[in-house]
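Peer 1: structure for the following, please:
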Amino acid sequence: MKDKKIRFEFRKERTRRALAEFSSDRPRLSVHRSLRHIYAQVIDDSKGVTVAAVSSLSKEIHQKFPKSAKNKEAAQAVGALIAKKAVEAGVKKVAFDRGGRVYHGRLKALADSARSSGLEF
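Peer 2: Reported below is the predicted structural model:
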């Protein structure tokens, strides 16, 4: 069996190929999760620009969670804020790019919060 890092790289490449085929007309909501923080950005690949970006280090989120931003509540706050900024920028439909990570925990909390705040994916 291949080790965890190699399986992650395969999963990441597979999801990027699927996103390239599926979402040529939609911007993608790219999510990166580190051990301490979570980052989300809406990227328009056709123009090569970032439409909106939010992380748990953002001023609004960091004030709510000053000690630790590595929990589901912080991920929900990031999801709500990225959805708000994307809708303000005129983006309603996005493709969710989880970056090869498994869809559970903080990623799922961010996605559910973004959906409930107005984004469609």
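Peer 1: for the closest residue to residue 16 other than its chain neighbours, give its distance to residue 22.
Peer 2: Beyond its immediate neighbours in the sequence, the residue positioned closest to residue 16 (Cβ to Cβ, 6 or more residues apart in numbering) is residue 97, lying 7.6 Å away. In short, each C-beta sits where N, CA and C put it, glycine included. In this structure, residue 97 lies at 11 Å from residue 22, with Cβ to Cβ, to the nearest Å as the measure.
Peer 1: picking up where we left off before, could you list every residue that touches the residue nearest to residue 16?
Peer 2: Remark: with contacts taken as Cβ atoms under 8 Å, 6 or more residues apart in numbering, residue 97 is in contact with 15, 16, 19, 28, 29, 30, 31.
Peer 1: what's the local residue count around residue 86?
Peer 2: Other residues within reach of residue 86 by the criterion other Cβ atoms under 10 Å amount to 26.
Peer 1: and it, what element?
Peer 2: Here residue 86, judged by DSSP states H and E, is contained in helix 72-88.
Peer 1: which other helices and strands contact that helix?
Peer 2: Under the contact criterion of 3 or more Cβ pairs under 8 Å, 6 or more residues apart in numbering; DSSP states H and E, helix 72-88 touches strand 38-44, strand 49-55, helix 59-64, helix 106-116.
Peer 1: what's in contact with stretch 77-87?
Peer 2: 29, 38-42, 51-56, 58, 60-61, 64-65, 92, 94, 109-119.
Peer 1: ok, residue 87 to residue 27 distance?
Peer 2: Between residue 87 and residue 27 the distance is 12 Å, computed by Cβ to Cβ.
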